[in-house]
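Chemist: Test case, fold it:
(2 chains)
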Amino acid sequence: MDTTKILIGYAVYLPIALLLTLYVSRTLFRNSKIYMLDIFKGREEIAFATNKLFETGFYLLNLGFALMILKINLYNNNYQELVEALSYKVGSFSIYLGLMLFINLYFFFRGKRKAKEGLKPVVPQPPRITA
Amino acid sequence: MQNLNLIGYTIFVGLMVFIIVVVGKICYKNGNVFVAELIPSQLELCRKINKTLLIGYYLVNIGYCAVNLSFWQTINSPPMLVEVIAMKMAGIIIILSALHYLNIYVIYNLHRKNVLL
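Modeler: You can find the predicted model right below:
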């Protein structure tokens, strides 16, 4: 059986997935530094270290997922099927990436809120007067 | 029938060792800040602890990759080579990322406790 079409599919899919991951995580983590500074109350060293660690985790998770869904099956072995299979893969991968982006954003917002709660001074309660 | 297992093993081990070493370097460099915060009075000790953690990480991960090689099926065509390498790498990379996020969580909690106390 001729298998070159499947190989062409892989050669198209892999660069697209890698570049998409690279682009999304660069955008996300260039802009997340400001949140990290807020969460760690302006301590640059620890904020940037955490940012870098999250970035690494994001790369690992998404590359792992991209490789996991790589396998393409073509029943009739023609180009129409190849294009359909590729668009299905790339589309589902970009939807997954979008979801991951929003989950990360949620974490940043949550961290910011928690940091703000931690900063709030404890308001002394007025003594309750009982009859 | 051709057998492409050996080529697969070479590519797989090369890529995995590269990824593991790069991730380990990044974690070591950025983890120094966190470990230094746990015992602020002894920076030298903290660096040594971090280095030991790095070595342990290398041993566990590269060892797991090596063990993984013995579970491969026979590969007999180029597309299958790509698929099998991708699947195996995906498994290990996802395990790595799970460990990584767990580490961030634990370290962040330790850090918060340290700051609050």
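
Chemist: mind checking which helix or strand residue 99 is in?
Modeler: By default, I'm working from chain A. Residue A:99 belongs to helix A:79-119 when assigned by DSSP states H and E.

Chemist: should've been chain B
Modeler: Residue B:99 belongs to helix B:78-116, assigned by DSSP H and E.

Chemist: Residue numbers of chain B in contact with chain A?
Modeler: Within reach of chain A by CB under 8 Å from any CB of the partner chain, chain B has these residues: B:23, B:26-27, B:30-34, B:37, B:77-79, B:82-83, B:86-87, B:89-94, B:96-97, B:100-101, B:104, B:108, B:111, B:116. C-beta here means a position set from N, CA and C on the backbone, and glycine is covered the same way.

Chemist: Can you select the buried ones from those residues in PyMOL?
Modeler: Only the buried entries of these go into this PyMOL selection, using 16 or more other CB atoms under 10 Å in any protein chain shown:
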select buried, chain B and resi 23+26+27+30+31+32+33+34+37+78+79+82+83+86+89+90+92+93+94+96+97+100+101+104+108+111
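
Chemist: for residue 82, what are its contacts?
Modeler: Since no chain was named, I'll use chain A. Listed by CB atoms under 8 Å, 6 or more residues apart in numbering or on different chains, the contact partners of residue A:82 are A:5-6, A:8-9, A:72, A:74.

Chemist: ah, I was thinking of chain B
Modeler: A:7, A:10, A:70.

Chemist: Identify, from the residues you listed, the entry nearest to residue A:35.
Modeler: Comparing the contacts of residue B:82 against residue A:35 with CB to CB picks out residue A:70 as the nearest, at 32.9 Å.

Chemist: quick one: secondary structure of that closest one?
Modeler: Counting by DSSP: H, G, I helix; E, B strand; the rest coil, the backbone at residue A:70 sits in coil.

Chemist: Kindly report the same for the one 4 residues further on.
Modeler: The assignment at residue A:74 comes out as coil when based on three-state DSSP.

Chemist: picking that back up, want to throw the contacts of residue A:82 into CSV with neighbour count?
Modeler: Converted to CSV, those look like this (neighbours: other CB atoms under 10 Å in any protein chain shown):
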residue, neighbour count
A:5, 16
A:6, 23
A:8, 14
A:9, 21
A:72, 21
A:74, 18
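
Chemist: Next, count neighbours for residue 106.
Modeler: Because you didn't say which chain, this covers chain A. Residue A:106: 10 surrounding residues under other CB atoms under 10 Å in any protein chain shown.

Chemist: should've been chain B
Modeler: Neighbourhood size, residue B:106 [other CB under 10 Å]: 11.

Chemist: and for stretch B:25-40, what are the contacting residues?
Modeler: A:45-46, A:48-50, A:52-53, A:56, B:43, B:45-47, B:49-51, B:53-54, B:57, B:100, B:103, B:107, B:110-111, B:114.

Chemist: run the last query once more with 7 Å
Modeler: For stretch B:25-40, the surrounding residues in contact (CB atoms under 7 Å, 6 or more residues apart in numbering or on different chains) are A:45-46, A:49, A:52-53, A:56, B:43, B:45-47, B:49-50, B:54, B:107, B:110-111, B:114.

Chemist: what does stretch B:63-76 give?
Modeler: Residues from elsewhere that reach stretch B:63-76, judged by CB under 7 Å, 6+ apart: B:1-5, B:8-9, B:13, B:16, B:81, B:84, B:88, B:92.

Chemist: Which residues of chain A lie near chain B?
Modeler: A:3, A:6-7, A:10, A:45-46, A:49, A:52-54, A:56-57, A:60-61, A:63-64, A:67-68, A:70-71 (CB under 7 Å from any CB of the partner chain).

Chemist: Find the least confident helix or strand in chain A, judged by mean pLDDT.
Modeler: Least confident helix or strand, chain A: helix A:33-39 with a mean of 86, by mean pLDDT, DSSP states H and E.
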